[in-house]
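J.: Below are the sequence and a predicted model for it; my questions follow.
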Amino acid sequence: MDDGRASDQWVELRVHGVSGTPPGSMLDRPHVAQVGGDDESRYFRSTDAAGVELPGDDGQVLEAYHWGRLTSGSKVKALWLVLLPFGMVNASQFMLLPAGAHRGAAVVQWLCRCLLRLLAILLTSLFAFTAGLVLIDLLAWRWAPDARFLGSLDPNVVVGAAVALTGMVVFVLPILGRGYERGRFGRWWSALRSPAARTSRAGLPGPVSSASAPTPLADDAFYAGDSDAPVLRDLHLSAGWLVVCAMGVWAAHPTAWRHDDVALRLALASWVVVVVMATLLGEPESSRSVRLPASLVRARRAWHWLVGVVSPVFAIASGLLLVSVVVTTRGISRTEWKTVFDRPESFDYIANWLLVLGVAVLVALLLANALLAATLWGQRPEKGSPGRAFMPYAGGMAASLVATIGTFVGVGFSAALTTGISSLLNLSQSPSDDPSAGDLNVGTTPMLDRVAYAWGLNVGVVVLIALSLVVWRVWPTVRKAVQDRVQAMYGGARQPLLDDRWQKRVRKAVHLARVKNAIGISCAVFVAFGMVLAGVLAWELWPCRNASGVDQCGQAWGLFDLASQPKYVIAEGGLARSNVVALFGAWVLLAVSAALLAASRKAVAEEGKRRGLNVAWDVLGFWPHAVHPFAPRPYSQRSIADLRTRLRWHLARHPRSDERRTVVLCGHSQGSLVSFATLATLPQAERDRIALLTFGSQLRVIFPRAFPEYVSFASIEWLYDRMGGAWINLYRVTDQLAGPVLSWGREIDTSGHTGRPPAASWHFPEPYSGAEPDEYEGSHQTRRCGADWRLADPVAYDPAMQDGAVSEILGHSWYARNPDWGEALRAVRATPVERRTAPDRGKSEAVQG
């Protein structure tokens, strides 16, 4: 490899997006070699077959930064699938609307964060309960008595071992999601030595590295991780173990509560205390919140110090209590073990209470989120302003919608796991041949049986949403609009550059790409229907929350009763008949579970499968542990620091020889967010030597809508200004995942071939000047909307297809294969260092724009 010190050299540094694109595909070269980094965060350059480094088309150093192994590198990370609900709830914290300097909104935002933390710890408790239901109830209590080896053992040993194994499963969760924070004991010792050592960004005063930046992504503290994460980890571990303790006591002593069992009462009381502590721990990512009075600041600092010291004590005490429950498991007779097929009835109490509490929290969260949106409603960007094109999803309700969907997924996973194992081991048989034996279950709890029914109905909702999208696609007005735009894009001087067959394919791709615009409304409809089902379910289970008999449950009014039904009922003549919807829901859950299990099994063995399986973590895993500590570790804590170090290394090795930029940072998809965040943290002197080229980016169509405090019109304008305009974005109308970033309000094409004036759009570098004419340069149908370049897909060189091939629609991939890629690099690199001062457009642009 050459030393890279030539004064006229410059660097093209590419950053990949979701799914961990292989380095060879990033550089579009058959041979690559790693030139820096470690086994997770890596840098590659292209070489020939002999290993000699090859430059880019313009002689530049062509390099790729590959961060994909931070989310999909090891075999253990393939197991992150079970953490999906935790990751969704954790990410929802960052979807809340920014409160800005609005004190009332800050209070409501704090309430939303408290409810999210409460929901998160309830999900952890549900996971612990599900693990106990499988290991203690299904395996140890029902299956083991008939097993050859386990059936010969002491039942107390078998049940005690199941309780211990459940505790170990819960212990594995924080290991899977462990981030880059300090160890538990090191952090505890620091807290004991100095209360001020805890630097939780919970509204406490402190230095901010880029105070002028309208985004927390410019703050170095964001990538240091939430200082409350280790505390939350201790509290969640304690909550999970305490649930297992209660199940262990009730498994051996079903009447323990009536006999004042000390271990049981201690476990339940401690669980309540732990849940309250986790809920009121604080707001982790609010360094930009309104300032608090000094007395409240001191009180909050003392509270954080106290919880930081006490949380490890709770974790240790919960572990010791669990060991005590396991050691003292006794009182189960072999006769009872062999003949009593029913589950420990008190397990139903836990399931019912978790569901009722969960529904109550979800309702409160939706109301609080709605109140936050209403409080900030008057600060929305005005109609016709640039910030209007960056509005949040669902009127600012994205946080509660995603948290609710994450909860539904978590409960569905629980029902799928228990239903699957029960069916696999044939544990759903009635223990009695008597027709009056009562309801037949699948071996789980009435709550989870009803969840299967609810998911059967939810599948119908998903089908209706899909059908609605199909109807929208074929709607005459929509079809005509897409057809006109495609025809205008490929209009030639005498005849279209693409024939009808190819234009039809392009229209289909455009329709598919536009589906992403329906994310908000689709999620809102799904959540609305799901909340109706959950509400009816909670209403019917409330009367029987402390009873195991289904006959004691309530009944909803009229047709609402159809929203919740037990899975199996007894028909006339004593024959069991099944509810078709419930069975369908159960089989859907089983099919999903089987597919995910198979995918996880392949992912453990094949890195390519791991990349595909961990696409979700490429999006959700960017955000630090703020609400749920068991979410996969945030790769932003590594990728941003590593990329920043690499940029500085290149700047040092390539002295500036002219006014052109030394490094062109090229971010694709999620990599555009990584690049955006990295540049936001750099000093201005270093930014002046770097240009940004984003392509296939979601920096307008998704990120500002989902994470309005972190990516917004104000933050994009701020970085564009600090880059001196050295930022170009490339997009395609056929891209299913991305779209334009630096332009909006685009008119239909009036290509220069027609002799009419060019179409106009709102765009950078003058976002406040109204619609400005766009440029059509070259013969590749590229439309330059200021700093936003629309690339044709496919590129049509001539109607006869002789000057170039038209073979496929690339969509979200292979942007560097477009013939204007090199021109974009040269244009953005040649941008002079001239910063304009963005006008003050008021809070509406900065807060929600």
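T.: That came in fine, so what should we check first?

J.: Report all helices and strands that the host helix or strand of Val482 contacts.
T.: With the criterion set as DSSP states H and E, the secondary-structure element containing Val482 is helix 476-489. Identification of packing neighbours for helix 476-489 by 3 or more CB pairs under 8 Å, 6 or more residues apart in numbering; DSSP states H and E yields helix 500-513. (C-beta placed from N, C-alpha, C; glycine too.)

J.: Export only the CA atoms of the helix it packs on, formatted as CSV.
T.: Extracted C-alpha coordinates of helix 500-513, given in CSV (Å, rounded to 0.1, in the frame of the first residue of the first chain):
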residue,chain,number,x,y,z
ASP,A,500,-43.6,1.4,-22.8
ARG,A,501,-42.4,-1.9,-21.3
TRP,A,502,-39.6,-0.3,-19.3
GLN,A,503,-41.7,2.7,-18.3
LYS,A,504,-44.3,0.3,-16.9
ARG,A,505,-41.6,-1.3,-14.8
VAL,A,506,-40.4,2.0,-13.6
ARG,A,507,-43.9,3.0,-12.6
LYS,A,508,-44.3,-0.2,-10.5
ALA,A,509,-41.0,0.6,-8.8
VAL,A,510,-42.2,4.2,-8.1
HIS,A,511,-45.4,2.9,-6.6
LEU,A,512,-43.5,0.5,-4.4
ALA,A,513,-41.1,3.3,-3.3
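
J.: And it, what does it pack against?
T.: Right, helix 500-513 is packed against helix 476-489 by 3+ CB pairs under 8 Å, 6+ apart.

J.: pLDDT on the helix it packs on, on average?
T.: Predicted confidence along helix 476-489 averages 89 (mean pLDDT).

J.: distance between that helix and the chain's centre?
T.: Using CA atoms, centre = their mean, to the nearest Å, the mean C-alpha position of helix 476-489 is found 34 Å from that of the whole chain.

J.: Who are the contact partners of Leu362?
T.: Each residue near Leu362 by CB atoms under 8 Å, 6 or more residues apart in numbering is listed here: 119, 400, 403-404, 407, 531, 534.

J.: That one: which element?
T.: Mapping Leu362 onto the secondary structure by DSSP H and E places it in helix 346-375.

J.: same check, this time on Arg746
T.: For Arg746, no secondary-structure element claims it when assigned by DSSP H and E, so it is in no helix or strand.

J.: Quick check: nearest residue in space to it, chain neighbours excluded?
T.: Counting by CB to CB, 6 or more residues apart in numbering, Ser761 is the residue found nearest to Arg746 once chain neighbours are left out, at 4.0 Å.

J.: now the one you found, which residues is it bridged with?
T.: Glu772 (DSSP bridges).

J.: How about the contacts made by it?
T.: Listed by CB under 8 Å, 6+ apart, the contact partners of Ser761 are 743-747, 771-772, 774, 785-786, 788.

J.: next one: phi and psi at Tyr776?
T.: Dihedral angles of Tyr776 (phi, psi; degrees, to the nearest 10) stand at phi -120, psi 110.

J.: any idea how far it lies from Leu810?
T.: The gap separating Tyr776 from Leu810 is 21 Å, by CB to CB, to the nearest Å.

J.: Please apply the same query to Tyr65.
T.: As for Tyr65, its distance to Leu810 is 22 Å (criterion: CB to CB).

J.: what about these two, which has more around it?
T.: When Tyr65 and Leu810 are compared for neighbours, Tyr65 comes out ahead with 28 against 19, by other CB atoms under 10 Å.

J.: List the buried residues for stretch 158-175?
T.: Applying a neighbour-count criterion of 16 or more other CB atoms under 10 Å, the buried positions in stretch 158-175 are 158-167, 169-170, 173-174.

J.: Of those, just say which sits nearest to His650.
T.: Taking CB to CB as the measure, Pro174 is the one of these closest to His650, at 37.4 Å.

J.: That closest one - nearest residue in space that isn't next to it in sequence?
T.: If the residues on either side of it in the chain are set aside, Pro174 comes closest to Arg233, at 4.9 Å by CB to CB, 6+ apart.

J.: Could you do Val462 as well?
T.: Spatially, and ignoring its direct neighbours in sequence, Val462 is nearest to Phe526 (7.1 Å; CB to CB, 6+ apart).

J.: Test my guess that the one you found contacts Ile405.
T.: Yes - contact status for Phe526 versus Ile405: in contact at 6.9 Å, counting by CB atoms under 8 Å.

J.: about what we covered before: do you know the pLDDT at the residue nearest to Pro174?
T.: According to the prediction, Arg233 has pLDDT 90.

J.: Tell me how far it lies from Leu357.
T.: 22 Å.

J.: same thing with Lys508?
T.: 46 Å.

J.: So what touches stretch 497-513?
T.: Taking CB under 8 Å, 6+ apart as the criterion, the residues outside stretch 497-513 that touch it are 473, 478-479, 482-483, 485-487, 490-491, 496, 732-736, 739, 781, 793-794, 796-799, 806, 809, 811.

J.: For stretch 595-612, what does the pLDDT average out to?
T.: Here stretch 595-612 scores 58 as its mean pLDDT.

J.: again, but for stretch 99-108
T.: The pLDDT scores in stretch 99-108 average 88.

J.: buried sites along that stretch?
T.: Residues of stretch 99-108 classed as buried: 99-100, 102, 105-106, 108 (neighbour count, 16+ other CB under 10 Å).

J.: Would you mind giving those residues as a markdown table with distance to Ser672 added?
T.: Formatted as a markdown table, these follow (distance: CB to CB, whole Å):
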| residue | distance to Ser672 |
| --- | --- |
| Ala99 | 27 |
| Gly100 | 25 |
| His102 | 30 |
| Ala105 | 29 |
| Ala106 | 30 |
| Val108 | 31 |
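
J.: These: which two are farthest apart?
T.: Of all pairs drawn from these, the greatest distance, 12.4 Å, lies between Gly100 and Val108 (CB to CB).

J.: who touches both of those two?
T.: Once CB under 8 Å, 6+ apart is applied, it turns out that Gly100 and Val108 contact no residue in common.

J.: coming back round to it: which among the contacts of Ser761 count as buried?
T.: With neighbours counted by 16+ other CB under 10 Å, those contain buried members at 743-744, 746, 772, 774, 785-786, 788.

J.: hang on, isn't His16 packed against Arg69?
T.: No - contact between His16 and Arg69 fails when scored by CB under 8 Å: they sit 11.3 Å apart.

J.: Which one of the two is surrounded by more residues?
T.: For His16 and Arg69, the more surrounded residue by other CB under 10 Å is His16, and the numbers stand at 24 against 21.

J.: Could you list the low-pLDDT ranges of the stretch 1-150 of the chain?
T.: Judged by pLDDT under 70, the stretch 1-150 of the chain has its weakly predicted residues at 1-8, 72-80.
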